[in-house]
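Colleague: Generate coordinates for the sequence data below:
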Amino acid sequence: MSKHTRTTTMRLWIVAGALNGFLAVAFGAFAAHGLRGRVPDADLAIFQTGAHYHLVHAVALVAVGLAAAHLKHRGVSAAGWLFLAGIVLFSGSLYVLGFTGSRALVMLTPVGGTAFLAGWLALAWAAISAKHIST
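Modeller: Residues are numbered from 1 along each chain as shown. Purely as a prediction, here's the structure:
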């Protein structure tokens, strides 16, 4: 992978992480100030769980961007895509459930959770098996 490609990959994941961090904080604030008292407490807690995992994995996307600068391994980008899929599927399905009470997307929640787990394993795999780690 060329230096230009690594820089582009690094920038992609850091921007994705930063934008998702922004969204997670916005959704968390919406839950705290816009949903409290308007939806049942159980639904509010579900929405907040989505925001919590969203924020954690936004930070993980930034870590993927930083890892891309130092690890030459396809597992780094795989981790990023898996974290992004987890955010959409896990947090997204919990946002829908918490906001609307609809269970229509609830089957996506465990798929998103599995994507989060796979992302962490991909990142570990990249760190363990990378042939070159730049400093």
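
Colleague: leaving aside the residues next to it on the chain, what's closest to the residue nearest the centre of the chain?
Modeller: Of all residues in the chain, the one closest to the mean position by C-alpha atoms, centre = their mean is residue 57, 3.4 Å from it. Nearest in space to residue 57, with sequence neighbours left out and distances taken as C-beta to C-beta, 6 or more residues apart in numbering, is residue 83 at 4.8 Å. All C-beta spots, glycine's among them, are computed from the backbone N, C-alpha and C.

Colleague: Distance of the spatially most distant residue from the centre of the chain relative to residue 48?
Modeller: For the chain, the largest distance from the centre (C-alpha atoms, centre = their mean) belongs to residue 37, which lies 27.9 Å off. Residue 37 is 14 Å from residue 48, where distance means C-beta to C-beta, to the nearest Å.

Colleague: and what of residue 108?
Modeller: Per C-beta to C-beta, residue 108 is found 18 Å from residue 48.

Colleague: now swap in residue 77 and tell me
Modeller: Counting by C-beta to C-beta, the gap from residue 77 to residue 48 is 30 Å.

Colleague: likewise residue 78?
Modeller: Distance check for residue 78 against residue 48: by C-beta to C-beta, it reads 29 Å.

Colleague: Next: residue 123.
Modeller: Look at residue 123 and residue 48: by C-beta to C-beta, they are 26 Å apart.

Colleague: now do residue 41
Modeller: Using C-beta to C-beta, residue 41 is found at 10 Å from residue 48.

Colleague: Show me which of the two is the more surrounded one.
Modeller: residue 48 (18 against 9; other C-beta atoms under 10 Å).

Colleague: Find the nearest non-adjacent residue to the more buried one, please.
Modeller: Of all residues not flanking residue 48 in the chain, residue 31 sits nearest, at 5.2 Å (C-beta to C-beta, 6+ apart).

Colleague: who's in contact with the one you found?
Modeller: 44, 47-48, 51, 98 (C-beta atoms under 8 Å, 6 or more residues apart in numbering).
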